[in-house]
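Colleague: sequence and predicted structure, then a few things I'm wondering about:
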Amino acid sequence: MNRKAFVLSFMVFLFALIIILLVASSRELRTTLRDDYKYVSLIDRVSTNYDYTEDLFLDLYEKVGNTKIYSDSNKAVFSLRLPDKQSKDNYDLNAVSLRNFILQDTEALSYSINLLNADLTTLNIHPFDINFSQAGINNVRDNNSVFFSPSGIEFRKYFVEIKLLNQDFNELTASISSCGSCFFKIELDLEVRDANNAIVSTFSDTDIDANSLSSIFIKTNEPPVNDIEIFLTSLGNFRLSNNSGKSFDLNAGIMFPENELSFPEIHYPKGFLKVKSILGIEKK
Amino acid sequence: MMTDLQRFFSGFISRKGIALTYDAVLAIALFLLVYVFVSTYSVEGSKNPFSQLELKRNFDGMINVLGREGVFQSMNFNDINSALTSSVSPRFDFKLSVKEFNYLGASFVLSNELNFGNISVDLNSVNHIKGSESFLSYNNSEIDKFYRVEYRSWFRNE
């Protein structure tokens, strides 16, 4: 009988022990969940603010900087007037006031907006890491040039549409380095239109050596020294400059091979928005 | 007449009956204990902290869409109130303010403020999340005004 009582007591003890262990493990689980939640919500908050802030600046880039940006499954396109110094100057000023406004918000404490070290007129095409920038040649902010600066060879074509506004087309000359069996081949499509949107000249080449110099000059009725120039240089770098002194409308695009996994997206370059080091992470 | 053997078995059966009764009572008590424990902690478990994250995402997304559509920039109470009413899930309650700022002399001056939702609630009494987003309005290709939308939101049944 004593033995039975002992077994019964032991069973009750084991049962109580199981209950206590269950409670302890449940509490531990809830503590872990709470900690995970704090971390995930912090990351989520930073990420959301990051995206929304970048969207505000991209909106500013379009509306004040007067440049339309567009991307789809295989291309990125930038539409602007070249040059348009007034818009770019306004954009610079407005970007500073927008940054100041955003940084007044306590929600923005988790990141910094770096306007000093980033060229505001530069955007980056992800995930191909190709910079598109508007600037003057030799870093002069006369904004008469656009650049594509690739860091790799994951694109296949540049396409350019120029609509002349207050000048007449004269002639187009091209000096192209053909690829043949070169390592890095690119294509170029160019279309020149007059002020009435009628096509006045086209150029197309599907076999350009991206590591050699190629150039195209579009001559107008402006003095010959003031041509519109397109240069393709090493690593597929692209520059288009308007030296004519009169603005034209430009669609400049870059085309990528179709790839279901990597669509081009236009963002600010790395370093523009930076998550503070308290998290030990930096987005992009 | 009961034989000795019958008396013996009768005593044994009655003692066994009491033991069985005690055993049943103990089992029921233990069952109730476990039941209460499981019920309590399953309710605790249903208060998943990540539901707050869902609430935050839901609100952030909604505020962003309304801001992109220019709803807040109208600073029209009825328009904003109507948009919020039709956008916020009935599961959530909220308190929201829209502030309009002018940029004057390198500083931001509050020019208008509107409040929406359950503005009388004591926020200490509800388990709420908070957030804020900035928006702009443009005029002649320049920033016209700056807007900040700040909100608190919580589950209605908590």
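Modeller: Received the coordinates, thanks. Just so you know, these numbers come straight off a predicted model, no measurement behind them. Numbers count the residues shown, from 1 in each chain, chains lettered A, B, ... in the order given.
Colleague: gap between residue B:119 and chain A?
Modeller: 20 Å (CB to the nearest CB, to the nearest Å). (Each C-beta comes from the backbone N, C-alpha and C, glycine too.)
Colleague: could you find the closest non-adjacent residue to that residue?
Modeller: Leaving aside its sequence neighbours, residue B:119 sits nearest to residue B:95 (CB to CB, 6 or more residues apart in numbering or on different chains; 5.6 Å).
Colleague: and what of residue B:121?
Modeller: residue B:95 (6.1 Å).
Colleague: which element is the residue of the stretch 1-150 of chain A found nearest chain B on?
Modeller: Going by CB to the nearest CB, chain B is nearest to residue A:37 of the stretch 1-150 of chain A, at 3.8 Å. Using DSSP states H and E, residue A:37 falls within helix A:2-63.
Colleague: remind me what that helix packs against, helices and strands.
Modeller: Counting contacts by 3 or more CB pairs under 8 Å, 6 or more residues apart in numbering or on different chains; DSSP states H and E, helix A:2-63 packs against strand A:67-71, helix A:85-103, strand A:111-113, strand A:265-267, strand A:273-275, helix B:4-46, helix B:50-68, strand B:129-139.
Colleague: buried ones in the top strand by length along chain A, by neighbour count?
Modeller: Across chain A, the longest stretch assigned as strand under DSSP state E is strand A:199-209. The neighbour-count check on strand A:199-209 (16 or more other CB atoms under 10 Å in any protein chain shown) flags A:200, A:203, A:205, A:208, A:209 as buried.
Colleague: pick the one among those residues closest to chain B.
Modeller: Nearest to chain B among these, with distances taken as CB to the nearest CB, is residue A:200, at 29.5 Å.
Colleague: list the contacts for the closest residue to that closest one other than its chain neighbours?
Modeller: Excluding the flanking residues, the one nearest residue A:200 by CB to CB, 6+ apart is residue A:169, at 4.2 Å. Contacts for residue A:169 (CB atoms under 8 Å, 6 or more residues apart in numbering or on different chains) come out as A:192, A:194, A:200, A:201, A:218, A:219, A:220.
Colleague: what about residue A:169, distance to residue A:238?
Modeller: Counting by CB to CB, to the nearest Å, the gap from residue A:169 to residue A:238 is 21 Å.
Colleague: the one residue in chain B that gets nearest to chain A - nearest residue in space that isn't next to it in sequence?
Modeller: Closest residue of chain B to chain A, CB to the nearest CB: residue B:49 (3.8 Å). Of all residues not flanking residue B:49 in the chain, residue A:37 sits nearest, at 3.8 Å (CB to CB, 6+ apart).
Colleague: show me what contacts the one you found?
Modeller: B:49, B:50, B:52, B:53.
Colleague: what are the pairing partners of the helix or strand where residue A:158 lies, and which direction each?
Modeller: Using DSSP H and E, the element containing residue A:158 is strand A:157-164. Counting by DSSP bridges, the strands paired with strand A:157-164 are strand A:185-193 (parallel), strand A:248-255 (antiparallel).
Colleague: right, I'll leave it there.
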